[in-house]
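# predicted structure and sequence below. I'll ask about it afterward.
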Amino acid sequence: MQFNEEQKALYKTVKEFGENEILPFVEDWEKSGSFPAHELFKKMGNLDLLGITKDEEYGGMGLDYTYGVVFAEALGHSEDTGIVTAIGVQTDMATPALHNYGTDELKKEFLVPAIQGDVVTSVAVSESGGGSDVSALKTTAEKKGDDYVINGQKMWITNATQADYFCTLANTSDGNPHTNKSLIIIPSNTKGVSVGDKIDKLGFRTSDTAPVYFDNVHVPQRFRIGNEGEGFKMQMEQFQEERLFIAASLLVAMDICIDKTIEYCQDRKAFGKPVIDNQAIQFRLCELKTEVEAVRSLVYRSCQNYVNGDDVTLLASMAKLKSGRLVREVADTCIQYYGGMGFTWENQASKLYRDGRLHSIGGGTDEIMLRIISKYLKMIG
């Protein structure tokens, strides 16, 4: 995958947006516990950045997923993985199934305003007893007349306190846990929907995360995405874009962290010479840069195969696994080279340390990624 001129132009636009519209406000948004999603998403919608890979018929740009990866990578210049992930929920986690399987009516009602930045979306899959184990979720959607009646609760829901609707996975029948689920759009202002308090998280302080409760919530059956019982399959497909987005979005964050650490070590002196003069530190930072480039190549290869129509479950799982582990390694190493300053709140290494830890948990834990890889390597059935 090599950037063409259009992709370079997109990268530049997104990079400048992150540097001008996000980065200057990150500190304040961390203190407040969330960023103004409606305001920020509207700015992005005005720049046509929320529907890059969606059909032009619904306000998107109609471009292939290589442009989606360019978008995700360039967002790293905002230097806040919490906001970047919240944006990714809007573009790559709550709307792909709607775009690919929703009816024309449903897309006009819910996809178009998401692309325009007029609404904030959220994906409601995880539950307190079933995060990575999607098949174990307990939320139910029972038919009553022309409606579904939804009961249950979701946990760790990104954008929850600001969301206008939730793309929700629920059990619509008994039986096989892989064929009894459906994806249903649930507007947040529907009677019986309530959102709990924001969760006080270790990192991702700029992004609001909260539990969501459904108490006899009635929505029309036409709000279901695709065929009944195919929700698990569609969610697994959504996970592929989600995992590619996550891996791509960490590349620049890791690059910046390493680069800033190099600068700090050039200025910081110990025993009468710059810290960077220590060959051990030079070599370690070089190794980390090399690792980032290796992950970048894996992400690009996965993306190109995805665009070619190949099954990229194996490669996307590898990219998600490796990027989640590498961001922890990068942040931890860089903190060490900052010395005492590394243990303070106000530097990029410590910020990435607390924010990056989620990436081995959210979107499927390392253990889930390893299980998927094991299946593809025919170690397990």
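Right, received. Where do you want to start?
# which positions in stretch 359-367 come out as buried?
By neighbour count on 16 or more other C-beta atoms under 10 Å, the buried set for stretch 359-367 is 359-360, 362-366. (C-beta placed from N, C-alpha, C; glycine too.)
# so which of those would you say is closest to Lys108?
Gly363 (28.7 Å; C-beta to C-beta).
# need the three-state assignment for the closest one.
coil (DSSP: H, G, I helix; E, B strand; the rest coil).
# burial measure for Met341, as a count.
14 (other C-beta atoms under 10 Å).
# got the contact list for the closest residue to it other than its chain neighbours?
In space, and not counting its chain neighbours, Met341 is closest to Asn347: 6.1 Å by C-beta to C-beta, 6 or more residues apart in numbering. Asn347 is in contact with 260, 264, 338, 341, counting by C-beta atoms under 8 Å, 6 or more residues apart in numbering.
# which stretch of helix or strand covers the third one?
Read it as Tyr338. Using DSSP states H and E, Tyr338 falls within helix 313-338.
# other residues contacting the helix or strand just after that helix?
Past helix 313-338, further along toward the C-terminus, the next helix or strand under DSSP H and E is helix 348-356. By C-beta under 8 Å, 6+ apart, the residues outside helix 348-356 that reach it are 79-82, 202-205, 250, 253-254, 256-257, 260-261, 324, 327-328, 330-332, 334-335, 338, 342-345.
# do stretch 125-142 as well
With C-beta under 8 Å, 6+ apart, stretch 125-142 has contacts from 148-157, 168-172, 177-178, 181-182, 184, 211, 214, 232, 235-236, 364-365, 367-368.
# now, the residues you listed that are in helices?
232, 235-236, 367-368 (DSSP state H).
# redo the buried residues of stretch 359-367 as CSV? Include pLDDT.
Below are the buried residues of stretch 359-367 laid out as CSV (pLDDT from 0 to 100):
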residue, pLDDT
His359, 97
Ser360, 97
Gly362, 91
Gly363, 89
Gly364, 91
Thr365, 94
Asp366, 96
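# just the closest of those to Thr95, please.
Using C-beta to C-beta, Gly363 comes nearest to Thr95 of these, at 15.6 Å.
# measure that closest one to Ser317 for me?
In this view, Gly363 and Ser317 are 10 Å apart by C-beta to C-beta, to the nearest Å.
# buried residues, stretch 14-33. List them.
For stretch 14-33, by 16+ other C-beta under 10 Å, it's 14-15, 17-18, 22, 25-26, 29-30, 33.
# residues contacting the nearest residue to Tyr67 once chain neighbours are set aside?
Leaving aside its chain neighbours, Tyr67 sits nearest to Ile52 (5.1 Å; criterion: C-beta to C-beta, 6+ apart). Neighbouring residues of Ile52 by C-beta under 8 Å, 6+ apart: 10, 60-61, 63, 67-68, 71, 91.
# pLDDT below threshold where in the stretch 51-200 of the chain?
Counting by pLDDT under 70, the stretch 51-200 of the chain has low-confidence residues at 130-131.
# what are the ranges of the strands in the chain?
121-124, 140-144, 147-158, 165-171, 181-187, 193-195, 209-220, 224-225, 269-270, 273-274 (DSSP state E).
# dump the ones you listed into TSV; add mean neighbour count as well.
Formatted as TSV, the strands of the chain follow (neighbours: other C-beta atoms under 10 Å):
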stretch	mean neighbour count
strand 121-124	28
strand 140-144	17
strand 147-158	21
strand 165-171	27
strand 181-187	24
strand 193-195	18
strand 209-220	19
strand 224-225	24
strand 269-270	12
strand 273-274	11
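# and Glu105, which of those strands is closest to it?
strand 209-220 (10.5 Å).
# run through who's touching that closest one.
122, 124, 128, 139, 144, 146-158, 160-161, 166, 168, 184-187, 190-199, 201.
# and the angle from that strand to strand 147-158?
160 degrees (axes from the mean of the first three to the mean of the last three C-alpha atoms, to 10 degrees).
# tell me the strands beside strand 209-220, with direction?
Here strand 209-220 has these sheet partners by DSSP bridges: strand 147-158 (antiparallel), strand 193-195 (antiparallel).
# right, I'll leave it there.
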